[in-house]
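1. Make a model of this:
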Amino acid sequence: MDLFDAFHLARLQFAFTVSFHIVFPAISIGMASFLAVLEARWLLTGDIAYKDMFLFWSKIFAVGFGMGVVSGVVMAYEFGTNWSGFSSIAGNITGPLLTYEVLTAFFLEAGFLGVMLFGWERVSPRGHFFATLMVAAGTLISTFWILASNSFMQTPQGYAIENGRIVPVDWMKVIFNPSFPYRLAHMTIAAFIVAGFIIAACGAWHLLRGRRDKPITRSFSMALWILLLLAPIQIFVGDAHGLNTRQYQPAKIAAIEGLWQTEKGGTALNLVGLPDMDAEVTRYTLQIPHLGSLILTHSWDGEIRGLKEFPAQDRPYSPIIFWTFRIMAGLGMLMLLTALLGLLLRLRGRLYETRWFQRLVLCMGPSGIVALLAGWITTEVGRQPWTVYGVLRTADSLSPISAQQAGVSLLIFVLVYFLVFGMGVYYMLRMMMRGPEPRLDARPSSKHPVLRNRPLDALEKE
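-> So this is what the prediction gives:
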């Protein structure tokens with residue numbers, strides 16, 4: 001296998017660009033709903049602290065939204081330049097679905113975004129809240145259409161093959177394909193968790209620096225409530241998604257588990273191991289008997305098909321997804337533990353004073369993003385060697401490009417992305433390190449003076 005041919009370089013390029021893209025929309029999805037909650041609380045209570053929180057986090061949302069739009073445009077071009085085979089064969093399905101996303105979601109977000117960010121003095125409070133709700137709804141509608149398109153590629157139905165092309169027969173079946181409900185719920189909750197840990201980590205940072213004003217303590221508290229609610233729900237949804245995947249993509253499950261032989265009478269769970277695709281064995285395993293069956297079939301002796309039951313050319317690359325899945329699942333358990341520790345400290349009245357917990361939350365800040373990327377890699381690599389599972393192979397989706405063209409464009413993307421998005425992330429982090437501007441009645445530590453909070457203040461030196 002030549003890792004530097006046009007096929008693998010084009011795959012690497014798309015994986016690189018989509019890895020950037022998936023992060024920023026996830027932040028936007030979770031942050032938009034958080035902003036709607038903050039503004040609703042301000043309207044209901046009249047507490048100005050909620051408005052201060054809204055004004056601060058809306059800046060983070062705006063930067064993330066902008067970077068999400070830019071990174072998404074690049075991917076649309078890649079479908080034409082690198083994956084014209086996919087566009088030609090499956091474009092009758094994916095083209096309309098992405099068009100619906102633009103018409104129903106992007107236009108909604110873009111139309112009300114300006115009002116949400118700059119309309120405080122130009123519309124009534126209720127009018128402004130309506131704009132915020134429309135932006136939040138737009139992010140969720142966008143998630144719906146993008147996941148419908150991607151889920152069709154995972155579990156296609158409602159289509160026919162005519163003249164070598166995939167054409168829709170039943171749009172309801174195309175959209176509401178077997179994996180769509182599980183993937184939509186899993187991704188939406190993941191986006192909320194991403195935003196929740198970012199907000200919680202920002203609050204932890206400022207608590208460690210001595211701030212105890214309302215925008216800080218409330219951000220920290222609200223984020224932990226969100227995580228306490230969503231972390232166990234996400235585990236439940238992930239379990240249901242796994243059962244669905246076992247039914248419709250059994251080779252993916254076998255590769256995730258590093259399972260080569262179908263074990264009768266109960267399947268062990270490989271906690272760790274090193275899958276070897278050539279030798280068709282998983283080395284250095286640490287197993288727990290029957291636990292694989294218990295998790296994946298909800299029975300003590302359930303049967304899970306091994307990779308050897310599938311042709312070698314149809315097997316996903318187990319060494320990658322074996323570990324990305326465990327990274328995602330392991331972080332999920334740490335997230336739940338963090339939320340439960342927060343509840344325990346809250347009940348004891350020590351939530352804002354326990355520095356070791358605040359350091360833990362600060363360290364867990366990127367965990368939502370890491371888990372999101374690990375889950376995406378598990379899903380997409382596990383679908384290989386198919387672009388549309390069981391219908392269109394990835395090798396048949398490639399454009400007639402050379403390795404040189406794919407390699408040069410990949411190098412350009414790497415340089416430009418790290419420059420542009422690196423600056424964007426740096427700016428977001430600087431704003432979060434400064435935090436919401438305390439009001440005159442706040443009592444920040446004398447070591448950390450009140451800082452201005454104009455849009456570009458985050459780039460100025462203290």
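2. what about Val70, neighbour count?
-> 16 (other Cβ atoms under 10 Å). C-beta: built from backbone N, CA, C; applies to glycine.
3. So in the protein, where's the weakest helix or strand by average pLDDT?
-> Ranking every helix and strand in the chain by mean pLDDT, DSSP states H and E puts helix 291-297 at the bottom, with a mean of 84.
4. on contacts alone, who are the packing partners of that helix?
-> helix 214-248, helix 250-257, strand 269-276 (3 or more Cβ pairs under 8 Å, 6 or more residues apart in numbering; DSSP states H and E).
5. Quick one: residues in contact with that helix.
-> 239, 242-243, 246, 253, 257, 259, 266-270, 299-304 (Cβ atoms under 8 Å, 6 or more residues apart in numbering).
6. any low-confidence regions in the stretch 351-462 of the chain?
-> Where the stretch 351-462 of the chain drops to pLDDT under 70, the residues are 439-462.
7. Can you verify Glu263 is assigned to a helix?
-> No - Glu263: not assigned to a helix; according to DSSP: H, G, I helix; E, B strand; the rest coil it is coil.
8. you'd agree it is up against Gly306?
-> Yes - the criterion here is Cβ atoms under 8 Å, and Glu263 meets it with Gly306 at 7.4 Å.
9. joint contacts of the two?
-> In contact with both Glu263 and Gly306: no residue, using Cβ under 8 Å, 6+ apart.
10. if we can go back for a sec, buried among the contacts of helix 291-297? Need that as a selection in PyMOL.
-> Filtering the contacts of helix 291-297 down to the buried ones (16 or more other Cβ atoms under 10 Å) takes a single PyMOL command:
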select buried, resi 242+246+253+257+259+266+267+268+269+270+302+304
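11. Next, count neighbours for Ile198.
-> 24.
12. quick check, it in a strand?
-> No - assigned with three-state DSSP, Ile198 falls outside any strand and is helix.
13. Chain neighbours aside, what residue packs nearest to Phe152?
-> Asn177 (5.3 Å; Cβ to Cβ, 6 or more residues apart in numbering).
14. Look up phi and psi at the one you found.
-> Backbone torsions of Asn177, given as degrees, to the nearest 10, read phi -70, psi 170.
15. repeat for Gly46
-> phi 80, psi 10.
16. got it, and the one 3 residues further on?
-> For Ala49, the backbone dihedrals (degrees, to the nearest 10) come out as phi -60, psi -30.
17. Surely it is in contact with Ile216?
-> No - contact criterion Cβ under 8 Å: Ala49 and Ile216 do not qualify, at 9.6 Å.
18. who's more crowded, these two?
-> Of the pair Ala49 and Ile216, Ile216 is the one with more neighbours under other Cβ under 10 Å, namely 26 against 21.
19. secondary structure class for Val194?
-> Quick answer, by three-state DSSP: Val194 is helix.
20. can I assume it is in contact with Leu372?
-> Yes - Val194 is within contact range of Leu372, at 5.8 Å (criterion: Cβ under 8 Å).
21. and the nearest residue to Lys173 once chain neighbours are set aside, how far is that from Phe413?
-> Nearest residue to Lys173 in three dimensions, chain neighbours excluded: Gly158, at 2.8 Å (Cβ to Cβ, 6+ apart). Distance, Gly158 to Phe413, by Cβ to Cβ, to the nearest Å: 34 Å.
22. cool, Thr282 as well?
-> Counting by Cβ to Cβ, the gap from Thr282 to Phe413 is 34 Å.
23. Of those two, give the one with the bigger neighbour count.
-> Legend: neighbour count by other Cβ under 10 Å for Thr282 and Phe413, higher for Thr282 (21 against 18).
24. Please, which helix or strand holds the more buried one?
-> strand 281-288 (DSSP states H and E).
25. Show me what that strand is packed against.
-> strand 269-276.
26. which parts of the strand it packs on are buried?
-> Using 16+ other Cβ under 10 Å as the burial criterion, the residues of strand 269-276 that qualify are 269-270, 273, 275.
27. got the contact list for the residue nearest to Lys173?
-> Contact partners of Gly158, counting by Cβ under 8 Å, 6+ apart, are 168-175, 177.
28. need those residues in TSV with secondary structure and neighbour count, can you?
-> TSV is the format used below for these (DSSP: H, G, I helix; E, B strand; the rest coil; neighbours: other Cβ atoms under 10 Å):
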residue	secondary structure	neighbour count
Pro168	strand	17
Val169	coil	12
Asp170	coil	12
Trp171	helix	15
Met172	helix	9
Lys173	helix	15
Val174	helix	22
Ile175	helix	21
Asn177	coil	21
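29. With respect to Thr132, which of these is nearest?
-> Minimum distance to Thr132 across these is 27.5 Å, recorded for Ile175 (Cβ to Cβ).
30. I figured the closest one was touching Pro96, is that so?
-> No - the criterion here is Cβ under 8 Å, and Ile175 misses it with Pro96 at 10.1 Å.
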